[in-house]
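J.: fold the following, please.
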Amino acid sequence: MLDVSRLRVLVAVARRGSVTAAAKELHYSQPSISHHLARLEAETGAQLIQRVGRGIRLTEAGHLLADRAADILARLDATAEELAAHVGLRSGKVRLAAFPSALGTFVPQAARTLATDHPGLQLTLTETEPPEALRLLRAGRVDVAVMFRYDDTAPEDNGVHMLHLLDDPSYLVSPGPAGPLTDHADAQWIAGCDRCRSHLLDMCAKAGFDPRISFTSDDIVAVQALVAAGMGLTVLPGLALRAHRNPAVEATEIPGSTRHVYAATFGDPPYPPPTKALLTALTTAT
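T.: The predicted structure is shown next:
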C-alpha cells in the first residue's frame, strides 16, 4: 500500500520542481525528502526520479503517479473536511485563494458575513492569480478558489466546478481622455499578469495592431502610477479600479471586453458545510 505522506512529498516535488523547494513547502529537511522519494520508489518498484546535474526531474512514471496522487490527496483532504464538519459549523476551517482585486473588493465582505454567521469557523486566505489558485485547489491545499477567465481562456481542468459570481468589464486606463483602442496603435503599453496580458494582446489584435509593451506589473497601484506619469496605457478590470483608483487617470470602458469571475471548487457536490457556507458568503457579497 502506498504511503500517503510519501505521495505528498512526490506531489510537492512535482509542483515545485526541486527537492529544496519541496522541503521548504512541507517544512522537511532535504535528506528527509530524498528518503521519502527513495522509499516510494521501493514501494512502487518504479523509478520515479532521475538525477540531472545537481538536481532531479520526474520520470514518466513519476509524473503519472504525481498526477494521480494529487487527485487522491485532494479527495482525502475533502473527506477529512467532511468528517470534521459533522461537529457542525461551530468549529472547523475553510481555505480560500483569490486574486488581488477580489481580495481588495468583495472578499472582505464575504469574510465578514462568514464570521458573523459562523463565528467558530476559521477562514484562511491566500493571494494568488488563477493558474496557481487552480493548482492549489487541485492539490487540496484550498477549498475554494476565486478566479477569473476571459472568453478566450483555455478550459479549466476536469473536476473543477465553477460558480459564477459576477461579470467584470475592462477599462482602457490613460492619463487623459482616450477614445477607442484603435487610436493607440503607436502607444506604449503596460501589461499585467499572464492571463491579463494574453487578454490585452487579444484585444489589440482585434483592434488591428500589436501593442508595444514597455512595462509589466500586476501591482494595480504601480500600474496606475505609471499611467499617470505618462509612461503608457493599460487595460484594467473594474474590480481593480474599485480596489484602487488613482485620481490622475481616466478610465474608459471597452465594449465587449468582460472577464468572468467564479468561485471554483474541486470534486463533485455536495460540499462540506464549511465550503458551502463560504460559497454562500461569496455569492451574497457579489
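J.: how about the strands in the stretch 51-200 of the chain?
T.: Ranges of strands within the stretch 51-200 of the chain are 55-58, 93-98, 122-127, 144-149, 160-174, 188-191, based on DSSP state E, counting those that start in this stretch.
J.: taking strand 144-149 as reference, get the angle to the longest one.
T.: Angular relation of strand 160-174 and strand 144-149 on a 0 to 180 degree scale: 50 degrees, by axes from the mean of the first three to the mean of the last three C-alpha atoms, to 10 degrees.
J.: chain center to the longest helix anywhere in the chain, what's the gap?
T.: In the chain, taking DSSP state H as the definition, the longest helix is helix 60-84. Helix 60-84 sits 19 Å away from the centroid of its parent chain (C-alpha atoms, centre = their mean, to the nearest Å).
J.: now that helix and strand 93-98, what's the angle there?
T.: For helix 60-84 against strand 93-98, the angle by the same axes, to 10 degrees is 130 degrees.
J.: which secondary structure elements does helix 60-84 sit against?
T.: helix 4-16, helix 130-138 (3 or more C-beta pairs under 8 Å, 6 or more residues apart in numbering; DSSP states H and E). (Glycine included, C-beta is placed from N, CA and C.)
J.: apply 10 Å and report the result again.
T.: Packed against helix 60-84 by the contact rule (3 or more C-beta pairs under 10 Å, 6 or more residues apart in numbering; DSSP states H and E) you find helix 4-16, helix 30-44, strand 49-52, strand 55-58, strand 93-98, helix 130-138, strand 250-266, helix 273-285.
J.: among the strands of the stretch 51-200 of the chain, which is nearest residue 182?
T.: strand 160-174 (11.0 Å; C-beta to C-beta).
J.: list the pairing partners of the closest one within its sheet, with orientation.
T.: The strands beside strand 160-174 in its sheet (DSSP bridges) come out as strand 233-237 (antiparallel), strand 250-266 (antiparallel).
J.: about what we covered before: please identify the most buried of the strands of the stretch 51-200 of the chain.
T.: Among the strands of the stretch 51-200 of the chain, the stretch with the highest mean neighbour count (mean count of other C-beta atoms under 10 Å) is strand 144-149, at a mean of 26.
J.: gap between it and the chain center?
T.: On C-alpha atoms, centre = their mean, the centre of strand 144-149 falls 6 Å from that of its chain.
J.: same question for stretch 243-253.
T.: 25 Å.
J.: rounded mean pLDDT for the longest helix of the chain, please.
T.: Per-region confidence: helix 60-84 scores 81 on mean pLDDT.
J.: same check on stretch 131-148?
T.: Stretch 131-148 carries an average pLDDT of 92.
J.: picking up where we left off before, could the helices and strands packed on helix 60-84 go into a markdown table alongside distance to residue 197?
T.: As requested, the helices and strands packed on helix 60-84 are exported to a markdown table (distance: least, C-beta to C-beta, whole Å):
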| stretch | distance to residue 197 |
| --- | --- |
| helix 4-16 | 23 |
| helix 30-44 | 34 |
| strand 49-52 | 30 |
| strand 55-58 | 28 |
| strand 93-98 | 20 |
| helix 130-138 | 12 |
| strand 250-266 | 13 |
| helix 273-285 | 26 |
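J.: most neighbours per residue, which of the ones you listed?
T.: With neighbours defined as mean count of other C-beta under 10 Å, the helices and strands packed on helix 60-84 peak in mean count at strand 93-98, which reaches a mean of 24.
J.: partner strands of that strand and their direction?
T.: Strand 93-98 sits in its sheet next to strand 122-127 (parallel), strand 144-149 (parallel), going by DSSP bridges.
J.: just how off-centre is the first one within its chain?
T.: Meaning strand 122-127. 13 Å.
J.: what's it in contact with?
T.: Identification of contacts with strand 122-127 by C-beta atoms under 10 Å, 6 or more residues apart in numbering yields 91-100, 102-104, 107-108, 110-111, 114-115, 132-133, 136, 141-143, 145-146, 274, 277-278, 281.
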